[in-house]
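Asks: only geometry, no sequence info:
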């Protein structure tokens, strides 16, 4: 018999090593501030069960909700750093994602998106570009999560831009660039951790805060904010991301199954969350007799929209939204509206 060459031995070792990697089990530890008794946590649980089933337990998801490991999203991101490595995944809202890359601020432009269909068309069009930006920072995009349409909750009634600018307004903790932009444009921003929003509204440290109705009901914002301005500023999106360190340990076959389950979760939330907003508003009215939904006149609403249109380009010029993503999103939105017309 011929003796194997060194090259053949090396090839056999490589094959065996590859087989070991493919067969290795991977535990994905995910941190999030979403409440345990919410649609989002339920969707994460369903996705994790699918991962475990479809990969024969080679990929397991362990979720830590309620800000259990970190009280805010910058904290969750910190826990994913190589020097910390306490978790290797997170479900973050777009403000949290923007602390990784400011491109995600594109979804924070007021009145930029006008409907569910339009929002999804733009979101899907720019997803490859946003995913590439995450990969450049050491993360891998799994799927989107819908948070509902953002309304404005406040301690006293607000019917004008001037009244809003005078109010102590919630802004995301850890985003100094956005705070400077708000201040520059005449607002009174108060950086706050998301889990402190309701408490700080109750004490008066905050006077107004943007939030989808379903999320506001979940954290009982209606107990400290008696007013909701029916404004529909835009959709609040989130995303599940995984560190590349862990993603590389998942086989190609299992990666496809992880992404497939992620898309199922995305579809589930796209369909269920928006419908919950109306129900949440009715629930908040029932639980707080003083809770009032403010409907603006056409003239008042037009003033808000005009201010939104004025402010949108400044997000690009001030570097809040990178120019490439801003232009890509604008082109996608205009193409959708042209086709719809």
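Replies: That came through fine. Everything numeric here is computed off the predicted structure, so don't read it as measured data.

Asks: next secondary structure after the longest helix belonging to the chain?
Replies: With DSSP state H applied, the helix covering the greatest number of residues in the chain is identified as helix 252-287. If you walk from helix 252-287 toward the C-terminus, the next helix or strand you reach (DSSP states H and E) is strand 292-294.

Asks: sheet-wise, list the partners of that following strand with their directions.
Replies: The pairing partners recorded for strand 292-294 under DSSP bridges are strand 227-229 (parallel).

Asks: after the strand it pairs with, which helix or strand is next? Please name it.
Replies: Toward the C-terminal end, the helix or strand that comes next after strand 227-229 (DSSP H and E) is strand 235-243.

Asks: so what touches the very next helix or strand once past that following strand?
Replies: From strand 235-243 onward toward the C-terminus, using DSSP H and E, the following helix or strand is helix 244-247. Helix 244-247 is contacted from outside by 26, 28, 82, 88, 89, 135, 138, 139, 140, 255, using CB atoms under 8 Å, 6 or more residues apart in numbering. For glycine as for every other residue, the C-beta is placed from the backbone atoms N, C-alpha and C.

Asks: if we use 7 Å, what do you get?
Replies: Contacts of helix 244-247 from elsewhere in the structure, counted by CB atoms under 7 Å, 6 or more residues apart in numbering, are 26, 28, 82, 88, 135, 138, 139, 140.

Asks: is residue 90 in a helix, a strand, or coil?
Replies: Classification of residue 90 by DSSP: H, G, I helix; E, B strand; the rest coil places it in strand.

Asks: quick one: contacts for it?
Replies: For residue 90, the set of contacting residues under the criterion of CB under 7 Å, 6+ apart consists of 30, 31, 32, 76, 77, 80, 241.

Asks: what do you get for residue 186?
Replies: residue 165.

Asks: from residue 299, how far out is it?
Replies: Computed with CB to CB, to the nearest Å, the distance linking residue 186 and residue 299 is 21 Å.

Asks: residue 152 now?
Replies: 18 Å.

Asks: compare the two (neighbour count), which wins?
Replies: Taking neighbours as other CB atoms under 10 Å, residue 152 and residue 299 compare with residue 152 leading, 23 against 7.

Asks: what about the closest residue to that one other than its chain neighbours, how many residues nearby?
Replies: Leaving out its chain neighbours, the residue that sits closest to residue 152 by CB to CB, 6 or more residues apart in numbering is residue 229, at 4.1 Å. Residues near residue 229, counting by other CB under 10 Å, number 24.

Asks: low-confidence bits of the chain, can you list those?
Replies: Judged against pLDDT under 70, the low-scoring parts of the chain cover residues 1-23.

Asks: all the strands of it, residue numbers only.
Replies: In the chain, strands defined by DSSP state E lie at 26-32, 59-64, 89-93, 139-154, 168-172, 188-192, 208-212, 227-229, 235-243, 292-294, listed in chain order.

Asks: to residue 264, which of the ones you listed lies closest?
Replies: Residue 264 sits nearest to strand 139-154 of all the strands of the chain, at 8.5 Å, using CB to CB.

Asks: what lines up beside that closest one in the sheet?
Replies: In the sheet, strand 139-154 lines up with strand 208-212 (antiparallel), strand 227-229 (antiparallel), strand 235-243 (antiparallel) (DSSP bridges).

Asks: looking at those, which is nearest to residue 43?
Replies: Counting by CB to CB, residue 43 lies closest to strand 235-243 out of the strands paired with strand 139-154; the figure is 9.6 Å.

Asks: what lies in contact with that closest one?
Replies: 28, 80, 88-94, 97, 107, 113, 119, 123, 134, 138-150, 212, 262.
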